[in-house]
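> Here is the input, now give the coordinates:
(chains A and B)
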Protein chains: 2
Amino acid sequence: MQAVAIRRGSSSPAVIETPRPEPDAGEVLVRTLRVGVDGTDHEVIAGGHGGFPEDDDHLVLGHEAVGVVEDPNGTSFSEGDVVVPTVRRPPNGDAKGYFERGEPDMAPPNLVHERGITGAHGFMAEYFTSPAEFLVKIPPELADLGFLVEPISISEKAFEHAFAARSAFDWDPETALVLGNGSLGLLTLAMCANFERTFCLGRRDRPDPTIDVIEELGATYVDSRETPVDEIPDVHEPMDFVYEATGYARHACQAIEALAPNGVAALLGVPEPWEFEIDGGTLHKDLVMNNKALVGSVNSNRRHFEAAVDTLSSLPEWLFDDLVTGIYSLSEFERAFQDDETTIKTAIQFDNR
Amino acid sequence: MQAVAIRRGSSSPAVIETPRPEPDAGEVLVRTLRVGVDGTDHEVIAGGHGGFPEDDDHLVLGHEAVGVVEDPNGTSFSEGDVVVPTVRRPPNGDAKGYFERGEPDMAPPNLVHERGITGAHGFMAEYFTSPAEFLVKIPPELADLGFLVEPISISEKAFEHAFAARSAFDWDPETALVLGNGSLGLLTLAMCANFERTFCLGRRDRPDPTIDVIEELGATYVDSRETPVDEIPDVHEPMDFVYEATGYARHACQAIEALAPNGVAALLGVPEPWEFEIDGGTLHKDLVMNNKALVGSVNSNRRHFEAAVDTLSSLPEWLFDDLVTGIYSLSEFERAFQDDETTIKTAIQFDNR
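Presented below is the predicted three-dimensional model:
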């Protein structure tokens, strides 16, 4: 079968021929429908994030997949079920407790593999196998958009943890700021419909398709070249909730200044080392005197995937028409990895049946 | 009556003569028993924190008080009740919602007064009045130690908020690190009895009374001159919970590195502005990839005072014998403000009856 992989030493993905996997006991064989491409894939390709499977010269990409059960192989699934796989897998017994509790997302990252990212092949292939416990069944009518379940689940977890951090008191957030107008930022902005006023930060000139989505969602576009994050309270208003999806390390510090008293910032970016100067005293005092919180969040678990399925079916159809700027067949897979100003979200289509 | 106050322009407190207050409707007249001295008092005296009441040339100090109801003045209290006052007061209607919800600790600091700290006179006087709603009744047998209810309540809140921030998953913390071996740090260390292994950071040579308390509590003393906070995971082990009570801004950043995956740091210090360099990229990535959290916490509300009363009665008596290094009458009040290496916690005694 064919798969999209990155080879050791290469800086661009390629289609490779690889054996169709055979499901072991307890595993399901899934025929892949679509696999999304996101910033993590670009980081994996660039070599800044993730790692190859041991003893392999390549990594099959892809962690945002949707597929159809081809062979349930004696599990509780049925042939034809539409499924989305979770991403983390236990390479050995080290993270056993986390997986048993259904919280592999909370395992220390060095104890787990992430399919398509680090240590284990991804889903960007005509078929993949997965233990049944790591597959989430979704309604068949969501099959076309099922590759968005994984990214939405990432934000479901971030919301859950951020709100938990504010659960010790009566918190009634009104304002939300999403840092980053990539596909994850825009999906997350769409998930902020319960906030009264929403804002999304980018660094693009109009006309721009992401600014169109931001404004169609009723949010205010903030151009970081005009309004740095720490000036947002003065120019707009302080934010009860900040969601950082830029991987720009200064944003983690500036988010503290963007927050309203009692606010919380969820951090999701994964920057490289970068030394810079901060007014640590003022930031520290601000966190304390205004009861602010910062919460880092990575990955997601089955519960978040299930919540993401509900979210996916509740979001308006126009959003996906605007957000999904390209679905490409394997023969034109390279277009799915292009990242220009007209691209928001792409996926590779493996099967049209 | 006599009171201990700091005058505008002065750098040391003095005993002043001031009219005995008359309780307004809904207010109680309290005869003061003891008032504790803490780091905030020293900051207020030094002018780095807090502020004088408008139109007054002095601020009566003291926010850690215990007293006896002298005149219930038609409230639900009875003469002779032993009471501890909370600290925040509404100067006007701006923070009304926070007070109505019983959460003045969550009000933006510029909307409230803090008695003895900013905008309103404290309790370091022979008598004080307070609205009945801001008085917490405590068992008479705790009268001698009642001045510790307020500082303990500060940590009750910090624990509550930190644990809330970890409530979205199955968190089973084993290790706790308290940054700071002042009286608040040591009280908090004593409150960490549920952790399996505890650590407390200071910068003192042995023999030292705070190190004795740390070790009597079964904790490990960490000398920051030998082991900086960010090296604690290597030298000792990573910490599930870090409590910062030093006001040293670098500790807020280093605490991230001291944390175990999924850990949380509660920040309570109030540093001055201070610019320094950090590896913001690595700290940001660490927060995200390891699901870490930072929670700032200030002040406390009635619920935390009530929890503190329970905590106070559960802590061992030897702790207070060691911790309270001096109780001074008004005639020797200056000794209560001395801060040398034999001093841990002091209080001023107003009434022996």
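> buried stuff in stretch A:57-73?
For stretch A:57-73, burial by neighbour count (16 or more other C-beta atoms under 10 Å in any protein chain shown) applies to A:58-73. Every residue, glycine included, has its C-beta placed from N, CA and C.
> Check stretch A:120-131 too.
A:A120, A:H121, A:G122, A:F123, A:M124, A:A125, A:Y127, A:F128, A:T129, A:S130, A:P131.
> Cross those residues against strands and list the overlap.
The strands, defined by DSSP state E, take in A:A120, A:Y127, A:F128, A:T129, A:S130, A:P131 from the buried residues of stretch A:120-131.
> Contact residues of the stretch 251-353 of chain A facing chain B?
Contacts of the stretch 251-353 of chain A with chain B, taken as C-beta under 8 Å from any C-beta of the partner chain, map to A:252-253, A:261-262, A:267-298.
> Just to be sure, which of these are found in strands?
A:P261, A:N262, A:L267, A:E275, A:F276, A:E277, A:I278, A:D279, A:A293, A:L294, A:V295, A:G296.
> Of those residues, which pair is most distant in space?
Greatest spacing in those, by C-beta to C-beta: A:N262 and A:E275 (30.8 Å).
> More neighbours: these two, which one.
A:N262 (22 against 11; other C-beta atoms under 10 Å in any protein chain shown).
> residues contacting the nearest residue to that one once chain neighbours are set aside?
Ranked by C-beta to C-beta, 6 or more residues apart in numbering or on different chains and with sequence neighbours excluded, the top spatial neighbour of A:N262 is A:N291, at 5.0 Å. Contact analysis of A:N291 by C-beta atoms under 8 Å, 6 or more residues apart in numbering or on different chains lists A:P261, A:N262, B:D105, B:M106, B:H161, B:G296, B:S297, B:V298.
> so A:A120 touches A:P53, yeah?
Yes - here A:A120 reaches A:P53: they are 5.9 Å apart, a contact under C-beta atoms under 8 Å.
> what does the stretch 1-150 of chain A put close to chain B?
Contact residues, the stretch 1-150 of chain A versus chain B (C-beta under 8 Å from any C-beta): A:R101, A:E103, A:D105, A:M106, A:A107, A:P108, A:P109.
> closest to A:E156 among these?
A:D105 (10.7 Å).
> what about the closest one, how many neighbours?
Using other C-beta under 10 Å, A:D105 has 24 other residues around it.
> Equivalent analysis for A:F276, please.
12.
> That one contacts B:I278, doesn't it?
Yes - if you go by C-beta under 8 Å, A:F276 and B:I278 touch, sitting 7.1 Å apart.
> what do A:A120 and A:P53 both touch?
With C-beta under 8 Å, 6+ apart, A:A120 and A:P53 have common neighbours A:H113.
> mind giving me the domain ranges of chain A?
A:2-137+A:316-349, A:154-296 (automatic domain parsing).
> how about the nearest residue to A:R88 once chain neighbours are set aside, what does it touch?
Leaving aside its sequence neighbours, A:R88 sits nearest to A:P104 (C-beta to C-beta, 6+ apart; 4.1 Å). Shown in contact with A:P104 (C-beta under 8 Å, 6+ apart): A:T86, A:R88, A:R89, A:P90, A:A95, A:Y98, A:V112, A:N299, A:N301.
> residue closest to the middle of chain A?
The residue lying closest to the centre of chain A (C-alpha atoms, centre = their mean) is A:P151, at 3.3 Å.
> Would you confirm that it contacts A:G182?
No - assessed by C-beta under 8 Å, A:P151 is found out of contact with A:G182, at 9.9 Å.
> So what's the gap between the helix or strand of chain A with the lowest mean pLDDT and the chain middle?
Using mean pLDDT, DSSP states H and E, the weakest-scoring helix or strand in chain A turns out to be helix A:39-46, at a mean of 93. Mean C-alpha position of helix A:39-46 versus that of the full chain (C-alpha atoms, centre = their mean, to the nearest Å) differs by 12 Å.
> got it, and stretch A:139-157?
10 Å.
> what pLDDT, on average, does that stretch get?
Averaged across stretch A:139-157, the pLDDT comes to 98.
> Show residues contacting that stretch.
If you take C-beta under 8 Å, 6+ apart as the criterion, stretch A:139-157 is touched by A:33-36, A:38, A:63-66, A:68, A:82, A:84, A:86-87, A:105, A:136, A:138, A:183-184, A:187-188, A:191, A:243, A:268, A:297, A:299-301, A:304-305, A:307-309, A:311-313, A:320, A:324, A:345, A:347.
> so which of the contacts of A:P104 is the most crowded?
A:R88 (29 neighbours).
> Just to check, that residue is in contact with A:E114?
Yes - counting by C-beta under 8 Å, A:R88 does reach A:E114; the two are 5.6 Å apart.
> got any residues that touch both of the two?
With C-beta under 8 Å, 6+ apart, A:R88 and A:E114 have common neighbours A:N299.
> Quick check: end-to-end length of stretch A:10-24?
End-to-end distance for stretch A:10-24, by C-alpha to C-alpha, to the nearest Å: 31 Å.
> what's next to that stretch, contact-wise?
By C-beta under 8 Å, 6+ apart, the residues outside stretch A:10-24 that reach it are A:1-7, A:29, A:45-47, A:58, A:60-61, A:71, A:73, A:125-129, A:330, A:333-334, A:337.
> Tell me where the stretch 251-353 of chain A has helices.
Taking DSSP state H, counting those that start in this stretch to define them, one finds helices in the stretch 251-353 of chain A at A:280-289, A:302-314, A:317-323, A:333-336.
> Could you save those as JSON lines and add columns showing mean neighbour count and mean pLDDT?
JSON lines is the format used below for those (neighbours: other C-beta atoms under 10 Å in any protein chain shown; pLDDT from 0 to 100):
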{"stretch": "helix A:280-289", "mean neighbour count": "22", "mean pLDDT": "98"}
{"stretch": "helix A:302-314", "mean neighbour count": "18", "mean pLDDT": "98"}
{"stretch": "helix A:317-323", "mean neighbour count": "14", "mean pLDDT": "97"}
{"stretch": "helix A:333-336", "mean neighbour count": "18", "mean pLDDT": "97"}
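> Which positions within stretch A:42-51 qualify as buried?
By 16+ other C-beta under 10 Å, the buried positions in stretch A:42-51 come out as A:E43, A:V44, A:I45, A:H49, A:G50.
> ok now do the third one, which residues does it touch?
Spelled out, it's A:I45. Residues near A:I45 by C-beta under 8 Å, 6+ apart: A:I6, A:S11, A:S12, A:P13, A:L61, A:F337.
> Next, count neighbours for A:K96.
Here the number of neighbours of A:K96 (other C-beta under 10 Å) works out to 12.
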